[in-house]
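Asker: Generate coordinates for the sequence data below:
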Amino acid sequence: MQLIDNRFRGGAKLVDGFPFPSVEADRVSTLLARCPAAKETPLVATEGLAPVAALWVKDERTRMALGSFKALGAAYVIARHAVEAAGDTPGADALAGHTYVTASAGNHGMSVAAGARIFGAGAVIYIADTVPESFAERLRERGAQVVREGVDYAASMAAAQEAARSNGWTLLSDSSWEGYQDLPYILMEGYLQMAEEAVRQCPEVPTHIMLQAGVGGLAGAVAAYARHVWGDTPKIVVVEPTAAPALMASIQAGQSVFADGPDSIMGRLDCKEPSLIALNGLARDADAFLTLDDDEVTSHLPEMRRAELETTASGGAGIAAVMTPDARRAIGIDEHARVLCFLSEVPE
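Answerer: Now for the predicted structure:
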C-alpha cells in the first residue's frame, strides 16, 4: 500500500491542450430520459464493513442491464450521434451503415455493442489473447463482431486504431491521448448520470469519496461533479492497483507517464497509462492517490459478498480501501467519517 498527497490539487491543467472533465449532468439526464432501460441505480447504506459513521455504496451492477457503470459511456456517445444524425427521436436505423470499433478487456466493449445495436450501427470489438472466451460470447450476443488480436490490451487497441483508419470506422475508446480527445470527453460526460444520482441520493455530504481508477474515466467524472456540487468538503481519494499506478505515477512525475508493471487481478483497473482528460481533472480535484496490492483487495471480497455487494476486485477496490485498516489510518477515515464508494460492476 502507498498513499501520496496531490501537490497539484486545485491548480491548473497538468496536460496542456486537453480539457477538464465535463460537469454538464443535465445534458446526460435529458438524453437518458428517452431510454426505457435508463433506470436509476440504488445508493446502499451498508453496515459492518468498516468502523465509520456511514458507508454509502453506489451500486452500478444493474445499470441498463449491462452490469456496470460503463453502460453510461460509449452507449451515451452513440446515442448523441444518433440524435445528431436523425433528430430528437432517432429510430433503430439512425446509424445504419456506420461502424464503431474499439478494444476492450471488459465492460466498455459491451457498452459499444449495446449502443450500436440500438441504432443500427455495426460494432467491432478487439480483444487480447488473455480475455476469456465467455466475454467474447457476451459481446457476440449483443451483435458485435469480435476480433482477437494482441497479447495485451495495448496491442489490441493498436489493432483497433489501425482498423478504424483502414476501414473508415469510428474509433470509440474510453481513454484519451494526443490527437484523440473529443469522443472520450463525451463518453466521460455520460458517467455524470451516476455522479448526479449519488449526490442527490446521499443523505449528507460525505467526508470522503473513494474512487477506483484504471485510465481514470469514472474517477475523473465523479470527482469533477463532486467538486462542482460539494466544493472542497469531501476528501477525494483515487484507488489504483499497485501493479498499475498510472495516475499516481503521473502525479508524482508532474506529467503523463507509462507505469509498467506485472498483471493485476484487478483487470479492469490494470491500465498502465492514464486518460489525459481524466488526469487533468484528477490533478485538480483529487486530494490523494492510494495503491492497494491484489491480496489487500481480494481478502475483502468474501465479506462484501456476505453484505450483498458481490463484485470483482476491480469493482470493489474503493470499498476494499475503506475496509483496510492501514489505508483508513493513512487517509484519516475514523469512526466519524461518512464515506461514499462506487461498486462499479457485477462479479464475473
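
Asker: What is the least confident helix or strand in this protein?
Answerer: helix 133-141 (a mean of 92; mean pLDDT, DSSP states H and E).

Asker: what packs against that one?
Answerer: helix 107-118, strand 122-127, strand 145-148 (3 or more Cβ pairs under 8 Å, 6 or more residues apart in numbering; DSSP states H and E). All C-beta spots, glycine's among them, are computed from the backbone N, C-alpha and C.

Asker: right, and these - which one's nearest His336?
Answerer: helix 107-118 (34.8 Å; Cβ to Cβ).

Asker: hmm, back to that, for the least confident helix or strand of the chain, which outside residues touch it?
Answerer: Helix 133-141 has contacts (Cβ atoms under 8 Å, 6 or more residues apart in numbering) with Ser104, Gly106, Gly109, Met110, Ala113, Ile125, Ile127, Val146, Arg148.

Asker: quick revisit: tell me which of the helices and strands packed on helix 133-141 is the most buried.
Answerer: helix 107-118 (a mean of 27; mean count of other Cβ atoms under 10 Å).

Asker: Now do that one, average pLDDT.
Answerer: Helix 107-118 comes out with an average pLDDT of 94.

Asker: quick one: contacts of it?
Answerer: Contacts for helix 107-118 (Cβ under 8 Å, 6+ apart): 64, 66-79, 82, 92, 95, 99-100, 102-104, 121-123, 125, 127, 135, 138-139, 142-144, 172, 174, 268, 345.

Asker: circling back: if we take the contacts of helix 133-141, which one ends up nearest to Glu24?
Answerer: Met110 (24.6 Å).

Asker: ok so Thr89 is a helix residue?
Answerer: No. Under the criterion used here (DSSP: H, G, I helix; E, B strand; the rest coil), Thr89 is coil, not part of a helix.

Asker: ok, now how distant is it from Leu31?
Answerer: Distance, Thr89 to Leu31, using Cβ to Cβ, to the nearest Å: 12 Å.

Asker: Neighbour count: the two, which is higher?
Answerer: Leu31 (18 against 9; other Cβ atoms under 10 Å).

Asker: contacting residues for that one?
Answerer: Contacts of Leu31 by Cβ under 8 Å, 6+ apart are Tyr76, Ala79, Arg80, Val83.
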